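Visitor: Next input, structure requested:
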Amino acid sequence: GLLRLAGEYSRHVGVLEHGFLALRNFAHRLEFADEFFTAVSHDDVRTRALLEARLPRLPRHVKLGAVRSLLLPVPPGPAAPELPEGYALEPAEPRDAKDLEGLLAASGASWSYAPAIGAAQFTALLTQDRDLRPVSDLLVLRHNGLAVGCVGVWDQRGQRQLIVEGYSTAAALKRTLFSLVGRGTPLMPAPGDRLELVYLPFFSIRHSHAEAGAMLLRQALHHAGTLGGQVCALCLSPQNPLFNQLDIKDHAHGIEVYRVVFPSVGPAAENRLFAPQPELSLL
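Guide: Numbering: from 1, shown residues only. Have a look, this model is predicted:
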C-alpha cells in the first residue's frame, strides 16, 4: 500500500527495484504470507503504465479489477438522523463479537481481499481501553434486537494526515465559485490545510436489510462528525449492490487493484471468481 514515486525519480527504475527487493525479503519472514496486492489510483496513469510494463527488474503486476474510493462530506447539524421503528444503533460491546464476526464474514464472502476478523479478535479489540483502540468506535445496527449491520469509525488523524498542497486550475476555480456562493466544501480545504478525514471500516449490512444501508451510512457520518471529522472515506466494489443503492456515485474515485507476483515467493492461487474489495482504512 501507499506506493509513491516522486516525479523526478519516475525514470529511475532502480529505486523501485530496491524497494520491491526489500519487500520481498520481508515477505520471506512472513511464513503465512503467500499473496500480495497493491492499489493505485486510476488517475495515476504514469505509475500504472510503469507497473504494467512488465519490466524484468520489477515484480509482475496483474490487474485484478477496480474499486471505488468514496469521500463523503459529513452533513451539518448536531442531531443524529432518526431511526425507523424497530431499528437501534448501539456501540459494540464484547458480547457482540460473534455478531460482528458473522456480519463481516457474510459481507466479505463475495469479494477478494476483504477483511476477515474472528470473534476472538473482535473481543480483544472491544475490551481495550477506548483511547487505545486502533478503531475508535464500532457501531452495531439492530432490528428488533437482531444485529443486521455494523460500521467502524476510525479517526487516524493522529497517525497520518492528508495536507492539500494545491489544486489544478479547474479545481481551484470550482473551489472559488463554491466560496463565492457561500457553499464551502470540506472536500476542498485551502492549500496548506488538513483534510479532516475519518475512515469508515467494516461497513456491512445483511442482504435482507440492504435498504437500511443508506441509514447506517448516515448514522456513521454523523458519528464521525462528533469526532471532528468533516469527510469520511470507505471503499466499495462497483459490483457491490450497495454501490448503486446508496446514491454515492458522485463521490467515487477509481482505484485499480493489482496482484504483485514476486518470482521467488511462489505462484499465488488463481481466483477469478471474486472482484476485489479491500479495506480502504488499512491501505
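
Visitor: where does Ser264 land on pLDDT?
Guide: pLDDT, Ser264: 62.

Visitor: again with Leu139
Guide: Looking at Leu139, its pLDDT stands at 94.

Visitor: go on, Leu2?
Guide: 61.

Visitor: what does Ser110 give?
Guide: Ser110 is assigned 89 on the pLDDT scale.

Visitor: quick one: it from Ala252, how far?
Guide: For Ser110, the distance to Ala252 (Cβ to Cβ, to the nearest Å) stands at 19 Å. Heads up, the C-betas are built off the backbone N, CA and C, glycines and all.

Visitor: you'd agree Leu55 is in a strand?
Guide: No. Leu55 is assigned coil when assessed by DSSP: H, G, I helix; E, B strand; the rest coil, not a strand.

Visitor: My guess is Cys150 contacts Asp137. True?
Guide: No. The pair Cys150 / Asp137 is not scored as a contact, 10.9 Å apart, by Cβ atoms under 8 Å.

Visitor: Would you mark the buried spots in stretch 173-187?
Guide: 175, 186 (16 or more other Cβ atoms under 10 Å).

Visitor: Alpha carbons only: can I get it in CSV?
Guide: Extracted C-alpha coordinates of stretch 173-187, given in CSV (Å, rounded to 0.1, in the frame of the first residue of the first chain):
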residue,chain,number,x,y,z
LEU,A,173,-11.9,27.8,-9.9
LYS,A,174,-14.5,25.4,-8.7
ARG,A,175,-13.4,26.0,-5.1
THR,A,176,-13.6,29.8,-5.6
LEU,A,177,-17.1,29.6,-7.0
PHE,A,178,-18.3,27.5,-4.1
SER,A,179,-16.8,30.1,-1.7
LEU,A,180,-18.5,33.0,-3.5
VAL,A,181,-21.9,31.4,-3.2
GLY,A,182,-21.3,30.6,0.5
ARG,A,183,-21.1,26.9,-0.1
GLY,A,184,-17.7,26.0,1.2
THR,A,185,-17.0,22.3,0.9
PRO,A,186,-14.9,20.2,3.3
LEU,A,187,-13.7,18.1,0.3
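
Visitor: Going by residue numbers, what spans are strands in the stretch 51-200 of the chain?
Guide: 60-73, 87-91, 111-112, 137-143, 146-153, 162-163, 194-195, 197-199 (DSSP state E, counting those that start in this stretch).

Visitor: Generate CSV for those, with distance to Ala80 and mean neighbour count as supplementary columns.
Guide: Formatted as CSV, those follow (distance: least, Cβ to Cβ, whole Å; neighbours: other Cβ atoms under 10 Å):
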stretch, distance to Ala80, mean neighbour count
strand 60-73, 16, 19
strand 87-91, 8, 15
strand 111-112, 29, 20
strand 137-143, 11, 20
strand 146-153, 13, 23
strand 162-163, 26, 12
strand 194-195, 23, 15
strand 197-199, 16, 23
